[in-house]
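S.K.: Okay, predicted coordinates and the sequence, questions at the end:
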Amino acid sequence: MTTWVIMIALGIGTFLIRYSMIGLTGKVNLPKVVVRAIRFIPASMLSAVVASQMLAYARPGSFTLDIPYFGAAIIAGGVAWKTRNAFLTVLVGMILLWVFRNVLGWLAAG
């Protein structure tokens, strides 16, 4: 029962936080610096997800960069910087990760 109460409370809280931004969009004038900063939120969120996955398989207490994840991320980052194409970047990163893990035989540390 406690689990359900927590899940419902978190769901309502998440809804209210997101709805407040959507609902207030037309009613509040945000400073230009805030509007410019908001444009970078999707890129920063994607970077956070990628970075956490690169380090997710490290053993507790140790800092290791796993070759397949780190290598694919570095090369995909170069593709992103050179082409400025998000779809191509994700495609290249996913293909390289698959190649590094399956074809070249590098396995993530478990």
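M.R.: In hand now; what should we look at?
S.K.: Let me see the domain layout of the protein.
M.R.: As recorded under automatic domain parsing, the domains making up the chain are 1-39, 41-110.
S.K.: Would you single out the least confident of those domains?
M.R.: Mean pLDDT values for these show the minimum at domain 41-110, a mean of 78.
S.K.: so how far is that one off the chain centroid?
M.R.: Offset of domain 41-110 from its chain centre (C-alpha atoms, centre = their mean, to the nearest Å): 11 Å.
S.K.: All further residue positions should be reported with the first residue as 35.
M.R.: Noted, 35 is the first residue going forward, which turns the last one into domain 75-144.
S.K.: ok, Val126 - how many residues close by?
M.R.: Residue crowding around Val126 was assessed by other C-beta atoms under 10 Å; the count is 19. Any C-beta I mention is one placed from the backbone N, CA and C, and that applies to glycine too.
S.K.: give me every residue that touches it.
M.R.: Ile109, Ala110, Val113 (C-beta atoms under 8 Å, 6 or more residues apart in numbering).
S.K.: Reformat the residues you listed into CSV and put secondary structure, distance to Val137 and neighbour count next to each item.
M.R.: Compiled in CSV, the contacts of Val126 are given as follows (DSSP: H, G, I helix; E, B strand; the rest coil; distance: C-beta to C-beta, whole Å; neighbours: other C-beta atoms under 10 Å):
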residue, secondary structure, distance to Val137, neighbour count
Ile109, helix, 15, 17
Ala110, helix, 17, 21
Val113, helix, 19, 17
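S.K.: Include distance to Ile129 when you put the residues you listed into CSV, please.
M.R.: Listed next are those as CSV, based on distance: C-beta to C-beta, whole Å:
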residue, distance to Ile129
Ile109, 10
Ala110, 9
Val113, 11
